[in-house]
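Asks: Mind looking at a prediction? Sequence and model below.
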Protein chains: 4
Amino acid sequence: MDYQKLIEEIHAEVEQMNLHGQVATYIPELAKMDLHKFGISLITTQGEEFKVGHTNDKFSIQSISKVFTLAMVFPKEKDNLWKRVGVEPSGNAFNSLAQLEYENGVPRNPLINAGALVVTDLLRSKEPDALGAILGFINRLAGTNQIIPNKDIAQSELNHSSRNKALAHFMKSFGNITSPVNELIETYCYQCAIEMTASELAQAFLLFANHGINSLTEQQLLTLSQTKRINAIMQTCGFYDEAGEFAFKVGLPGKSGVGGGIAAVLPNQFSVVVWSPGLNAKGNSLKGMKALELLTTKLGHSVF
Amino acid sequence: MDYQKLIEEIHAEVEQMNLHGQVATYIPELAKMDLHKFGISLITTQGEEFKVGHTNDKFSIQSISKVFTLAMVFPKEKDNLWKRVGVEPSGNAFNSLAQLEYENGVPRNPLINAGALVVTDLLRSKEPDALGAILGFINRLAGTNQIIPNKDIAQSELNHSSRNKALAHFMKSFGNITSPVNELIETYCYQCAIEMTASELAQAFLLFANHGINSLTEQQLLTLSQTKRINAIMQTCGFYDEAGEFAFKVGLPGKSGVGGGIAAVLPNQFSVVVWSPGLNAKGNSLKGMKALELLTTKLGHSVF
Amino acid sequence: MDYQKLIEEIHAEVEQMNLHGQVATYIPELAKMDLHKFGISLITTQGEEFKVGHTNDKFSIQSISKVFTLAMVFPKEKDNLWKRVGVEPSGNAFNSLAQLEYENGVPRNPLINAGALVVTDLLRSKEPDALGAILGFINRLAGTNQIIPNKDIAQSELNHSSRNKALAHFMKSFGNITSPVNELIETYCYQCAIEMTASELAQAFLLFANHGINSLTEQQLLTLSQTKRINAIMQTCGFYDEAGEFAFKVGLPGKSGVGGGIAAVLPNQFSVVVWSPGLNAKGNSLKGMKALELLTTKLGHSVF
Amino acid sequence: MDYQKLIEEIHAEVEQMNLHGQVATYIPELAKMDLHKFGISLITTQGEEFKVGHTNDKFSIQSISKVFTLAMVFPKEKDNLWKRVGVEPSGNAFNSLAQLEYENGVPRNPLINAGALVVTDLLRSKEPDALGAILGFINRLAGTNQIIPNKDIAQSELNHSSRNKALAHFMKSFGNITSPVNELIETYCYQCAIEMTASELAQAFLLFANHGINSLTEQQLLTLSQTKRINAIMQTCGFYDEAGEFAFKVGLPGKSGVGGGIAAVLPNQFSVVVWSPGLNAKGNSLKGMKALELLTTKLGHSVF
């Protein structure tokens, strides 16, 4: 398979489609992103990278960070984790409180904000320097030590974190958050503000295509079963209320972030990251969705 | 009408009923209250007080404070107030978030927690020392300068304020709270922890029986229409999800607090406060409800 | 009190206000009503009637019928009734299903559609000819035998009864409806389509101002306590999501219908019916609300 | 791949696990099923069948019928279908009304009851004999003409269809159902009561593994894209609130029914049906879930 030719074709086709999205506006720092940026990086489980476009620009990974914290916490908590957070699609917007109320403070899954806050809370309860641990984990996966949060973005998110604070206090009232909320939200905003290039993110995300093994260090970080679970959660819950649409169009486990990144995996084959800051109405990268749709169509691959 | 004989009869009858309630347990300091305390104070618009039982014990007024802050804010905001909070019963528990979500952060009425937080937020936006202003207002109504919050109770409530913080942050995410949430919640916990005797509270509550006039100073604090509005809100929303029950059994505008106090008015006639810390399952004073039911039955009075 | 002069003044004042409402449009037959009709009938507990305007025109009583069926069923079921339906305000639109789902098929109160369906279901379970019984009850109260349903309106409502059928089937799934749903809805549509003049309705509604006694026959139909309960329910739940507003502006127990009628009582004094088909956005008669507001204001009466 | 050996192993392993489920009890006829029945049929896209256990016993396909009606309607309605029903997981129980209310009568997806009712409604609007058309469609797929509904089961479901009638009337009130509800529910109950053997169902379900082609007639019934869409919907929505769990454990698009059947496909490879009437708490066949989990584990296949 000539992946290089493939992603170049896709990149060109998508550029011709004249797709316009919107940068995320609810966080001022994110609103500064350049809508014309568009990069694709695909890395095979053999370690070969194919890339096109803006793959060396840093962007904040935002909600994609939720998958990394889940991958850190799950092997420690094991199935006890599922007492604190579910594994089912939420059927609601990413920051809804109503469902949380009817379900007594247990979030539907770890990829909605409430669930990710529980995961980061669990991480904090074991790690004195949770943010440092997250950065260490991601840098090791990406084979670098350059990955850090963007403080301006983190601060901007902190300044606009009322809804997340509401979620955290609400879960705390049910006993499902133990950290001081202000500290938890700070950790969370910094984890969302972690900046990576498309290449770095594809390298780090390879973990989920590679049976839970960090291919750079050969270290088994997740069991096969844990990897499968995380991929299943990405498949059914990774795209907020566009999960069904993404399953149909792309058919890969993946996760998007409002920074414009989408990371996905074809297990045993490759990880792929597309980055373009213009979002559709559901908050997912417009060019990113289209590029991944073309990728699986052209590959003749779909789980379906 | 021999009110003294009346309330003594009622006090005796209720004591014989062997009613057992529960002290509020979700706030540890409140759990320390003595279940045997039971006092009634009735003050006529002519200024005559009739009392029986523990009417000189201090207790925290809790949610009854919501009526005082409403009475402070309403004359300043006038009908603009109703853009920030409604006047209709909520049909839900006092601290529900789901309804708030479906109604875009505008609480149903000023007597549920969310609505009271909006009112205190409005007060804070005009008063640099909001708590001082509240204390001044209440002391002037009660004709004293001895009324202060109980710091232990305030602190205990602050330590158990996750749900209220969730409400405040949630409304802030809709733009309906402007104060820093931590400061707002602190003011709110202190206002709830204000301690008064039944006599003091009945004196202060006389405002609502007396056409909005502070009978001690002859000052008109609320217009007739504003007084009527506040009484109407107490009538339909003053007892959480027991509003209909209270309307039937008692039929007076009133407000209860989890400190065991209930304050009510018969407009043009009297204010009445019953205090007894044992609560029913809905969070309203068990002996208080029964005493007020007997009061209006024996008076032959009911609005119905 | 010169009631005749009073209601004439009110009628004239309201007519000058140039209020425009909308006829109910979701039921085609109701949309045919003449917006200019406007009548007031007030009948004292001494049996004297005062009236002005269109008080001899027939209009369908619609939801006001819910109060009559409640008055028929309550004395038979006694407090067992409250196992099937609550007494608290709903905080939601009159035909919401969501609340019903969270509360396992028990409607909040007998004056929302779901609760009224339960009441009519109870009536049907005891009365082979439920509609006949309702007509008999109302005719006896009004002192006539001329009151019948308008078949065209009943049929029009039957043709637009999807929401009510949904409510009934839904409660049946919880075991809270025993009648065949089609038959229940037919009875219900016919009860809503009962046509009365303002005078007839005021006479019939006098029951609730008169301690539960049919003043024409001297028959005690409801105990004092039952009358008080029904009035309390009207006070807190009679105006859908405008209950708080009505409590403030009017302060009387009452019930409105989308036919443009509003019936209310000042216990021990009078019943009053205002009819005008133009509705406000909440489904209550616009001129009716204003006339009753003026009435209690001018009377110097308000429960508050 | 020796599928015969594989499914025999799985059948034996599951039988040894001593799994006890419950037959569906809310429909009396279903409660009569024999808990010991357990059959597996797997048919490859080459047309070879492998089977073990009770594969020639008829059972009612129940909710699995929703996939067939979807496959009938989708090619006719094309993407207009998605104006009437969504493609996203519901996050709620299969028969919830609350979500439907907040989303104005448009069901989340075609595999919850509300969505399936919309699909059958669309079918009825084009087909005078909708049930006949469904039977024709399924018989042609299964290569037989013996497949019919079980009238006793259909009747039993009709007698317990209050919730579904509520859903239908409710959607009708939003204009999203056009059939008379009683007729629609009758068609729906009969479609659910269609009885097939595991072998027949696997043969019929092969359509979804075979790019939308009826392998017996070579007829292209669905486009590739339509097949992919239906499979994606099964993947994310096929198991009510156990969709995430099934995605993790099994990882195949599939659909379960309360008759104890589960049908799933591995696109391009095979369809598989497991039948065993004992259900888990979520309403999915207990042995069926376990057998499919073992199947994909042993096959080394998982989409993840």
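Replies: Structure's in. What do you need?
Asks: okay, CA-based contacts and neighbour counts for the rest of this
Replies: Noted.
Asks: Could you report the neighbour count for A:Asp121?
Replies: Residues within reach of A:Asp121, counting by other CA atoms under 10 Å in any protein chain shown, total 26.
Asks: does it really touch A:Ser179, like I thought?
Replies: Yes. Between A:Asp121 and A:Ser179 there is a contact under CA atoms under 8 Å: 6.1 Å.
Asks: you'd agree A:Gly115 is up against A:Leu100?
Replies: No. With contact defined as CA under 8 Å, A:Gly115 does not reach A:Leu100; the gap is 10.1 Å.
Asks: any residues in contact with both of those two?
Replies: A:106-108 (CA atoms under 8 Å, 6 or more residues apart in numbering or on different chains).
Asks: Kindly present those as TSV, with separate columns for neighbour count and secondary structure.
Replies: Converted to TSV, the shared contacts of A:Gly115 and A:Leu100 look like this (neighbours: other CA atoms under 10 Å in any protein chain shown; DSSP: H, G, I helix; E, B strand; the rest coil):
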residue	neighbour count	secondary structure
A:Val106	22	coil
A:Pro107	30	coil
A:Arg108	25	coil
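Asks: Would you verify that A:Lys37 is located in a helix?
Replies: No. A:Lys37: not assigned to a helix; according to DSSP: H, G, I helix; E, B strand; the rest coil it is coil.
Asks: Hmm, it is touching A:Asn56, no?
Replies: No. Using CA under 8 Å, A:Lys37 is not in contact with A:Asn56; the gap is 10.7 Å.
Asks: how about A:Thr297, what does it touch?
Replies: Counting by CA under 8 Å, 6+ apart, A:Thr297 has contacts A:Val250.
Asks: quick one: secondary structure of it?
Replies: Per three-state DSSP, A:Thr297 ends up helix.
Asks: how near is it to A:Glu48?
Replies: Going from A:Thr297 to A:Glu48 by CA to CA, to the nearest Å gives 22 Å.
Asks: and what of A:Ala204?
Replies: 13 Å.
Asks: for A:Gly105, same thing?
Replies: 43 Å.
Asks: returning to what we had before: looking only at neighbour counts, state which of A:Gly115 and A:Leu100 leads.
Replies: A:Gly115 (27 against 21).
Asks: Now do the more buried one against chain B, distance only.
Replies: 16 Å (CA to the nearest CA, to the nearest Å).
Asks: list the contacts for the residue positioned nearest the centre of chain A?
Replies: Centroid-nearest residue in chain A: A:Ile64, 1.4 Å away (criterion: CA atoms, centre = their mean). Taking CA under 8 Å, 6+ apart, we find A:Ile64 in contact with A:192, A:255-257, A:261-263.
Asks: What's the end-to-end length of stretch A:109-116?
Replies: End-to-end distance (CA to CA), stretch A:109-116: 8 Å.
Asks: can you check stretch A:210-230 too?
Replies: 12 Å.
Asks: Go ahead and name everything in contact with that stretch.
Replies: Contacts of stretch A:210-230 (CA under 8 Å, 6+ apart): A:45, A:47, A:67, A:70-71, A:74-75, A:141, A:143, A:206-208, A:267-269, D:248, D:304.
Asks: For A:Lys287, see how far away the residue in the stretch 151-300 of chain A that chain B sits nearest to is.
Replies: Among all residues of the stretch 151-300 of chain A, A:Ala166 sits closest to chain B, at 3.9 Å; criterion: CA to the nearest CA. Separation of A:Ala166 from A:Lys287 (CA to CA): 32 Å.
Asks: Over to A:Ala198?
Replies: From A:Ala198 to A:Lys287 the distance is 14 Å (CA to CA).
Asks: repeat for A:Ala31
Replies: Distance from A:Ala31 to A:Lys287, by CA to CA: 17 Å.
Asks: Do the lowest-mean-pLDDT helix or strand in chain A and chain D come into contact?
Replies: When each helix and strand of chain A is scored by mean pLDDT, DSSP states H and E, helix A:98-102 comes last, with a mean of 80. No. Helix A:98-102 stays out of contact with chain D when judged by CA under 8 Å from any CA of the partner chain, the minimum separation being 9.2 Å.
Asks: in chain A, which spans are strands?
Replies: A:39-44, A:49-53, A:59-60, A:195-196, A:213-214, A:219-220, A:254-256, A:261-266, A:270-275 (DSSP state E).
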